[in-house]
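Trainee: sequence first, then the predicted structure:
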Amino acid sequence: MAFANDVRFPVDRREILGRLQAILPRHLVLAEEEELRPYECDGLTAYRALPLIVVLPETETQVGAILKACHELKVPLVPRGAATGLSGGAMPHEDGVVLSLARFKKILKIDPLSRTAVVQPGVRNLAVSEAAAPYGLYYAPDPSSQIACTIGGNVAENSGGVHCLKYGLTVHNVLKVRGFTINGEAVEFGAEALDAAGLDLLAIINGSEGLLAVITEVTVKLTPKPELAQVVLAYFDDVQKAGNAVADVIAAGIIPGGLEMMDKPATHAVEPYVKAGYDLDAEAVLLCESDGTPVEVAEEIERMKAVLEKSGATSLVVSQNEAERLRFWAGRKAAFPAVGRITPDYLCMDGTIPRKRLAEMLEAIADLSVKYGLRCANVFHAGDGNLHPLIMYDANQPGELERATAFGSEILELSVKLGGTITGEHGVGVEKVDLMAAQFTPAEISAFHRLKAAFDEKGLLNPGKGIPTLARCREYTQTRGAAAVTPPPRF
Amino acid sequence: MQTNLADFIKDTPDGREADAILRTCVHCGFCTATCPTYQLLGDELDGPRGRIYLIKQMLEGKPVTEKTQLHLDRCLTCRSCETTCPSGVKYHRLLDIGRKVLNERVPRPLAQRLVRTALKEALPRPWIFRPAVAAGQLVRPLLPQVLSDKVPTSAPGQSRGWPEKSNHPRRMLVLAGCVQPGLAPNTNAATARLLDRIGITLFEAPEAGCCGALRFHLDAQEQALDDMRRNIDAWWPHVEQGVEAIVMTASGCGAHVKEYGLLLKDDPAYAAKAERIAALTLDISEVLAAEAEKLKPLLVTRQHPPLKLAFHSPCTLQHGQKIKGVVEELLQAAGVELTPVPDPHLCCGSAGTYSILQPALSKQLRDNKLAALNSGAPAAIVTANIGCQTHLQAGSAKPVRHWVEIIEERL
C-alpha cells in the first residue's frame, strides 16, 4: 500500500534538483519516475512511497553538501543502505530525497592489535568478517541478512543476529560512529576507547533509525574467532515443548553462542534451498550452539544435550564439522526469503518477550492464524525471546494485506502485554509507528520528540518514522486502548 | 511481490511466466550482495532486485525508455543472483522476457543496432568468423582496443588433432560451437582423445552450429530459436541411433542447450525433441565425473611435475548449470594443486558479447578477476568456457586454457 505520511513538506522540486545536480555528477542524481520506482520500498514491500529524487554520493563532502541543501530548502531526506530492512525504515518520503550510501563501501582500516575495523557505512556486514578472517577475528553481530545488509543500516537499526545472545547487539560492538547532522555538520559519537567523555550519545545513535544523523563511518569491535563451534539440532514433536526447552537451557545457566528456533512451516520452506538435512517431520527444531576451546565445547554440548533431552527433544544431532555447522545455520539465515517459495508475500514481525512466555505466545499465534485465515511460519531468536513470526499473505488478493497487518498488530500487542516489546532488532520504521502507542505513554513519546528536535529541529531526517506524531498516538489509543502497561519512563 | 500485469501481456505465456516469477521475489535484497554490477556501481537499478522492479513496471504498462534499457543492458546474465536467492526467483527467465518486450518498445540507436547485427550475424558463422580472426591478426594494431583484445595474438593453440580411429560402441555427440573451433580447436580434440582412452567415441554433427545463446542475448530471440531448431534437426538422427549424451565443452553453450526444452516448450513441432535433447546434454565435467572409475587409474600411471593452477569457474557452469566442485575434484585427481581464488562466485566480465558491448565494466571485472586468480601465484589459469578463456587471456601474461586439456595431457 502507498503509505500516507502525515508529515508533509511544501517542496520546490526544481529548486532542490538544481542544487543537488550542482553537487553531484549527473549519473548520481536520479529524478525520473522510471528510475525512482525501484527505490520506493526496502525489504518491507507492503509500504511504498515514490521519492522526488535519489542521490548516490561517494564522498563525505558530498553528503555534507546534500544535507546542507536539504536543510536550507526544508526538504526531507531519508538515508538508505542496502534496503534490506523489514520495518520500512528506508521507505522514501514522497516530498523528499533518498540518500543512498551504497557507494560508501571501503573497509578503511583493520587493526588486529586493537581488534577494531574502520569501515564505511555501505560495507556489507559479512564483508567485515571476511576481511577480518585472516587475523582470526570476526564481527560478532550477524543479522540473517548479513550477506547483503550494510553496517550503516546495522547501526541505524541496532541490528541483532543469531549470535547476539552471547555477543551483544550492534550497540555493544560499535566504538565510534561518524556522520553528518541535517544541517551538514560533521559529528562523531563515541571514541576508540571503550567509553567516551560526556553523555553516552553513541548509545543514542545506535537504533536511531536515520532520525538523528546520516552515518558515514563506523568503527566496530572485532571478536576473536572461537577455536571451535558446534551446534546441536534438537527436534521436538510439539512447538510449545520447544519453547519451554529454550527457557530450560537458559535456566540451567548456559549461555549458548546462539539459540534459535524454527517451526515446521519454516523448515519446509528452507530445506529445498539449503539442503541442510533438517528432519521435516518434526514440529520444531532448536539450534543451540556452543563455542570456545574444544574442551569447553565438549563439556557444554553434553550439558546442552542433557537439558534438551529432559525438555522433551525427540532427537538430537550435533554438527560434526565446520561445513555441517554452517549448513545447519544456513537454513536459519535464509529462512525469511525462503518462505517466498511457499507464499507470494509475508510480513515479518519482530516482537520480543520474556523467554519463559514463549510457549504461551506460540499457542496464541496458532490461534490468531486460524482467526485471520493466514498461515504463519515461526523463526525465533529464541535465546533472547525475539520472535519473528512470518505472516504469509498474497498482496494480489484484496484484503489479505489488511488481515496480515491486523494479525501482526495483535501479536505485537500481546508481546507488550506479556512484558515484552514491539521490536527486538528490526526497528520501528513505518511499520510499527502506530504501535509505539501500545508501548509508550504520550509523555514518553513527547520526550522522544524532544530528543529528535535536539538534533533535527525541522524534523527533516526520515520524517514519519520511528516516533509517532502525537495525533497518531491519540488516534491509536482511541481505537485500540491506551498503552497496555504504564511502566515508569524508561530513559 | 504484488503484481498487476498490463493487458498486453497478462494472458500470454510470457506474461504468465513473468507473473509467477515476480511473485516469488520477496525483495529481500540478498541478490545485490553477489551481483557484480551492483557491487561496482552501488545503484539499486544495477542490481537484480532493481532490474526486477524495472521489468515489473514495464510489464505493468508504465512508460519505458532507454534508462531501463541501460540498466538491463548492464546485466551480465551471470545468474550469480539465482545462486544466492533463497526464494528461488528465476531471474534470467524474467530478464529474457523483459529484454524481449523492451526491445519492441525502445528501439536502439543506429550505431548500437549495427554493432549488434554484426555480432549476431558474424560470430555464429565460422565461415565469416574464422577468416575475420585471421584478418584481425594482420591488422591488430589498427583495431580499437575492445576488438584487438578479442583477437588472439598468434595462431590458435596447436591441436594434436582428433583420434585417428575411434570406433567404440559407446558414442557421444559434441557441439563444435561457433567461435571455439576458430579460437581454441584443441578443446574438442583433447576431449575426443580423452574420451577415446576411456572407451567412448566422440563426434560432431557437421550440420549443427551455434547453440543460439549469442543471438538469444542480442535482441534476436526468434532467430535464436531457429538456431536451436537447426541443431535439434542435426542431432536428432543420432539421438534416434542411441548416442549416450550430447557433450558440451563450453559451459556457456551447455547452460543454453540445457534450456532448449524450456525455450521451445510452446513450439508443438519441437517441444518434445527439445526436451529430450536438453535431458541428454552434459557438460564434459559431468561426463568425466561419471566415468571417474575408469579415468582415475589412468591418471596415476605417470609421474608429472607439480603443477599449480587457478581454476575460474564460469558463471554458466556454477550458476547456470549449478555444477560446483566437479572440475576441481577432477583436476586434483590429476595431481594438480589448485590455488585459492577469492570471490569465486563473481563474473570475469566476458559474458558472451558483454565484453564488446560494455567494455568499461567488463574490463573492471576482468582486472578484479585476474587479480583474484593470480593471488595464489598459479603457473596458469584454467576455465571451462571459451568466452571466459579468450577474455581472460587478453589481459593475462599467463596462459589461460580449458581444464580438459590439462587432464588429457596427464593421461
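Mentor: Great, that's in hand.

Trainee: so what pLDDT did the residue of the stretch 151-300 of chain A found nearest chain B get?
Mentor: Ranked by C-beta to the nearest C-beta, the top residue of the stretch 151-300 of chain A for proximity to chain B is residue A:273, at 5.1 Å. The way it works is simple: take the backbone N, C-alpha and C, and place the C-beta from them, glycine included. For residue A:273, the pLDDT comes out at 86.

Trainee: may I have the secondary structure class of it?
Mentor: helix (DSSP: H, G, I helix; E, B strand; the rest coil).

Trainee: tell me which helix or strand residue 368 sits in.
Mentor: Defaulting to chain A. Assigned by DSSP states H and E, residue A:368 belongs to helix A:358-372.

Trainee: wait, chain B
Mentor: helix B:359-374.

Trainee: can you list the buried residues in whichever helix or strand comes after that helix?
Mentor: Using DSSP H and E, the next helix or strand after helix B:359-374 towards the C-terminus is strand B:380-383. Within strand B:380-383, the residues scored as buried using 16 or more other C-beta atoms under 10 Å in any protein chain shown are B:381-383.

Trainee: equivalent analysis for stretch B:300-316, please.
Mentor: B:307, B:309-316.

Trainee: just give the nearest non-adjacent residue to the residue in the stretch 301-411 of chain B that chain A sits nearest to, would you?
Mentor: Across the stretch 301-411 of chain B, no residue is closer to chain A than residue B:342, which sits at 8.7 Å (C-beta to the nearest C-beta). Excluding the flanking residues, the one nearest residue B:342 by C-beta to C-beta, 6 or more residues apart in numbering or on different chains is residue B:372, at 4.8 Å.

Trainee: the one you found: how many residues sit nearby?
Mentor: Using other C-beta atoms under 10 Å in any protein chain shown, residue B:372 has 18 neighbouring residues.

Trainee: do residue A:342 as well
Mentor: Neighbours around residue A:342, by other C-beta under 10 Å: 18.

Trainee: show me what contacts residue 272?
Mentor: I'll assume chain A. Residue A:272 makes contacts with A:338, A:341, B:88, as judged by C-beta atoms under 8 Å, 6 or more residues apart in numbering or on different chains.

Trainee: quick one: residues contacting the spatially closest residue to the last one that is not a sequence neighbour.
Mentor: Closest residue to residue B:88 in three dimensions, ignoring its sequence neighbours and counting by C-beta to C-beta, 6+ apart: residue A:341, at 5.3 Å. Neighbouring residues of residue A:341 by C-beta under 8 Å, 6+ apart: A:269, A:272-273, B:24, B:86-88.

Trainee: buried subset of those?
Mentor: For the contacts of residue A:341, a neighbour count by 16+ other C-beta under 10 Å gives the buried set as A:269, A:273, B:24, B:86-87.

Trainee: what about those, which are in helices?
Mentor: Under the assignment DSSP state H, these contribute A:269, A:273, B:24 to helices.

Trainee: closest one to residue A:184 out of these, please.
Mentor: Proximity of these to residue A:184 (C-beta to C-beta) peaks at residue B:24, which lies at 42.5 Å.

Trainee: pretty sure the closest one is touching residue B:91, no?
Mentor: No: counting by C-beta atoms under 8 Å, residue B:24 stays clear of residue B:91, with 9.9 Å between them.

Trainee: for residue B:261, which residues are in contact?
Mentor: B:271, B:274-279.

Trainee: how about TSV for these, with secondary structure added?
Mentor: What follows is the contacts of residue B:261, written out as TSV (three-state DSSP):
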residue	secondary structure
B:271	helix
B:274	helix
B:275	helix
B:276	helix
B:277	helix
B:278	helix
B:279	helix
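
Trainee: report the buried members of those.
Mentor: B:271, B:274, B:276-278.

Trainee: nearest to chain A, of the residues you listed?
Mentor: Nearest member of these to chain A, counting by C-beta to the nearest C-beta, is residue B:278, at 21.5 Å.

Trainee: for the closest residue to that closest one other than its chain neighbours, what is the enclosing helix or strand?
Mentor: Excluding its sequence neighbours, the residue lying closest to residue B:278 (C-beta to C-beta, 6+ apart) is residue B:261, at 4.0 Å. For residue B:261, the host element (DSSP H and E) is helix B:260-263.
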